[in-house]
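A.B. asks: Here is a sequence with its predicted model. Questions after.
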Amino acid sequence: MAEQKEGRYEESELYRLRHSAAHVLAQAVMEMFPGKTQIAIGPPIEDGFYYDFGLPRSLTLEDLRKLEKRMRQIIAGKHEFARSEASVEQARQQFAQQEYKLELIEELAGGDGDEAAQLQPQAITFYTHDTFTDLCRGPHIGHTGQINPAALKLLNVAGAYWRGDENNAMLQRVYGTAWRTVDELKQHLWQLEEAKKRDHRKLGMQLGLFHFSVDVGPGLPLFTPKGETIRHQMETYVRELQTRYGYQHVWTGHLVKEELYRRSGHYQNYRESMFPPMLDENVAFRLKPMNCPSHMTLFREMGRHSYRELPLRFAEFATLYRYEKSGELTGLTRVRSLTQDDCHIFCTPAQVESEFALALRLIQEVLQHYRFSDYRVRLSLRGEEGKYLQDDEKWLSAQAALRSALDVSGIDYYTEIGEAAFYGPKADFMARDVLGREWQLSTIQVDFIQPARLGLTYIGEDGQEHTPVVLHRAVTGSTERFLGVLIEHYAGAFPLWLAPVQAVIIPITDRHVEYCQQLLNSLQEQRLRVELDAGSERMNAKIRKAQVQKIPYMLVAGDREQQTGTISVRLRSGEELKAQTLEQFLALTRKTLAAGD
RNA sequence: GCCGACGUAGCUCAAUUGGCAGAGCAAGCGCCUUGUAAGCGCUAGGUUAUGGGUUCGAGUCCCUUCGUCGGCUCCA
């Protein structure tokens, strides 16, 4: 779905317009630093464009305003975008001072051993407007005047490595946005503002769900009683569901001998994501970054397994520790301590497809329950880089099994090369947060490799030892990340079953507190999470407080209610129900909870 | 980790060219006894993230460290 949309976008006028705006930006920057601007690449992106530059100094926000101003002047010149073709030699001359462009030219010329390019040398094309010529495939709009100068804005500057490789030079990337009309620009900027309001970091603070502290460390969230209530609900839900699906729960602690990770392959492939070792009398231990070696070891320690026992599904809510680089931590969506609802399914090769299908159904049920529909499935396959464990035959059969299970399931998916885990291919469920960043949530991975490395076996029908296949599966991925995305998904207004406080009782005056206390006791006996607001503020203030906290029900009680033994129920939508008896209200909550809301 | 920006009370933010650190909300106390989104008053709250430097004088200028944010890279 998203791919189709992008496909259309790349042929759209808006795409050409943004691409052209990037060229105009590059001209303005080159004029700001004559002879000292190295231009890299400047493509259109979703909602805008960027251009990467190597410059003698850092750009400031004031620079952006000046550049915008100059861009508007260039636009007003109505300069034509002229396409021209050039030979490799002409291109080299044209961009003799531009190291990044020269690198691109050599690639287009097929000089770098790129076989595809050598077989089919691409035509080198330039696009020129006014004084600026770029090495560019196009297409562009007719002339600069077709860019609406009032619907254009440069947003920010960020660092970006040339070609995305951290061994390369750090360039300055200028992000901008461009639209056809001022209204579209305003709408876009408004949406950015709205997204910020929904940001889980902001809402999490407002709702009092979690904190970070310099005293504990970066990327190590602390959950308040309310935050932990939500976590607990999330875990309980998945635990019960997994039990229903035939999973068994295990527990394998937090520390593991480093030696195990050498055997599993994690040490070689995953070391930089692990916290440094702890040494005990020359034996190194590591905080668990993953559960698979522990679960596989448990499988082995439990004795000989018959094929009749398989599939065995070991699930665990495990806190893992990953040494993320400091600059890549982000709220709850990227942390250093995370709770994974992890599971390892030990099965025979013949069971892979049906087990994959079962896991797929489980995940779909969970995402549906969370009212999650905005996600896509990525089939992540092995790339050419060398981080993958070697065994071509097993890789190919794993990839084939995954693909056919996905095909059978009828689920929409797209393929991405080079995104596989080091031990096997995987199907990842990707969701976007409010700022448009995509996060991996659920995942199912096929592993034909670790079980053999760790010496797992089962006795087959033929009486011989065989190596089981292991499916790695996480439903919500990590509780922290999933919660972060959920906060944004619900804009903080959790469904009743998840809400940390489900109802707040609001007495109108002090003389109603005793009656409210009785209500509180009755509701708590029914296992509802209810609070009594007996503070000295007015009822109006208490209602406002509860609204801001997005509490599902506000139960107001004064003389009328006390006399009739009822409560006045207000929903967070603002809707007021007439006086309800306790039984009526309980029936409402039971009905709501049963519907999964 | 890298590039850039930022860091003032629990929260949201002020503080002119370097010249006495302030407000609202929250908190505590008191008054009011309230009918569906903020009643009123008083009090307290700060080594301006941290350590150093420049200066007669630094929230403001320079450097260090820590943290946060936007990206890059990496990932659940």
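C.D. replies: That came through, no problem.

A.B. asks: Is whichever residue of the stretch 1-150 of chain A sits closest to RNA strand B part of a helix or strand, or is it coil?
C.D. replies: Closest approach between the stretch 1-150 of chain A and RNA strand B, counting by Cβ to the nearest atom of the strand: residue A:58, at 3.6 Å. C-betas here are computed from N, CA, C, even on glycine. Following DSSP: H, G, I helix; E, B strand; the rest coil, we place residue A:58 in the coil state.

A.B. asks: Check for me that residue A:377 belongs to a helix.
C.D. replies: No. Secondary structure of residue A:377 (three-state DSSP): strand, not part of a helix.

A.B. asks: helices and strands of chain A: which one has the lowest mean pLDDT?
C.D. replies: When each helix and strand of chain A is scored by mean pLDDT, DSSP states H and E, helix A:115-119 comes last, with a mean of 47.

A.B. asks: So which bits of the stretch 401-550 of chain A are right by RNA strand B?
C.D. replies: Counting by Cβ under 7 Å from any atom of the strand, the stretch 401-550 of chain A comes close to RNA strand B at A:421, A:428, A:435, A:437, A:439-441, A:443, A:474, A:477-478, A:480-481, A:508-511, A:535-541, A:543-544, A:547-548.

A.B. asks: Derive a PyMOL selection command for the buried subset of these.
C.D. replies: PyMOL command restricting those to the buried ones, with burial defined by 16 or more other Cβ atoms under 10 Å:
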select buried, chain A and resi 421+428+439+440+441+443+474+477+478+480+481+508+539+543
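
A.B. asks: Of the residues of the stretch 401-550 of chain A next to RNA strand B, which belong to strands?
C.D. replies: In this view, those that belong to strands under DSSP state E are A:428, A:439-441, A:443, A:474, A:477-478.

A.B. asks: what's the spatially most central residue of chain A in contact with, if anything?
C.D. replies: With distances taken as Cα atoms, centre = their mean, the residue of chain A nearest its centroid is residue A:439 (1.3 Å). For residue A:439, the contact set (Cβ atoms under 8 Å, 6 or more residues apart in numbering) comprises A:333, A:430-433, A:477, A:481, A:485.

A.B. asks: For these, give me CSV that also has secondary structure.
C.D. replies: Shown next, in CSV, are the contacts of residue A:439 (three-state DSSP):
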residue, secondary structure
A:333, coil
A:430, strand
A:431, strand
A:432, strand
A:433, coil
A:477, strand
A:481, helix
A:485, helix
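
A.B. asks: Which one of those residues is nearest to RNA strand B?
C.D. replies: Of the contacts of residue A:439, the one sitting nearest to RNA strand B (Cβ to the nearest atom of the strand) turns out to be residue A:477, at 2.5 Å.

A.B. asks: and the residue lying closest to that closest one once chain neighbours are set aside, how far is that from residue A:77?
C.D. replies: In space, and not counting its chain neighbours, residue A:477 is closest to residue A:441: 4.2 Å by Cβ to Cβ, 6 or more residues apart in numbering. Using Cβ to Cβ, to the nearest Å, residue A:441 is found at 48 Å from residue A:77.

A.B. asks: what pairs with residue A:152 across the strands?
C.D. replies: Beta-bridge pairing of residue A:152 under DSSP bridges involves residue A:178.

A.B. asks: for it, what are its contacts?
C.D. replies: Contacts for residue A:152 (Cβ under 8 Å, 6+ apart) come out as A:21, A:68, A:71-72, A:75, A:176-179, A:185.

A.B. asks: Looking at these, which are in strands?
C.D. replies: Among the contacts of residue A:152, the residues falling in strands (DSSP E) are A:176-178.

A.B. asks: circling back: what pLDDT is listed against the residue of the stretch 1-150 of chain A closest to RNA strand B?
C.D. replies: As predicted, residue A:58 sits at a pLDDT of 89.

A.B. asks: for residue A:121, same thing?
C.D. replies: 56.

A.B. asks: check contacts around residue A:338.
C.D. replies: A:319-320, A:322, A:478-481 are the contacts of residue A:338 under Cβ under 8 Å, 6+ apart.
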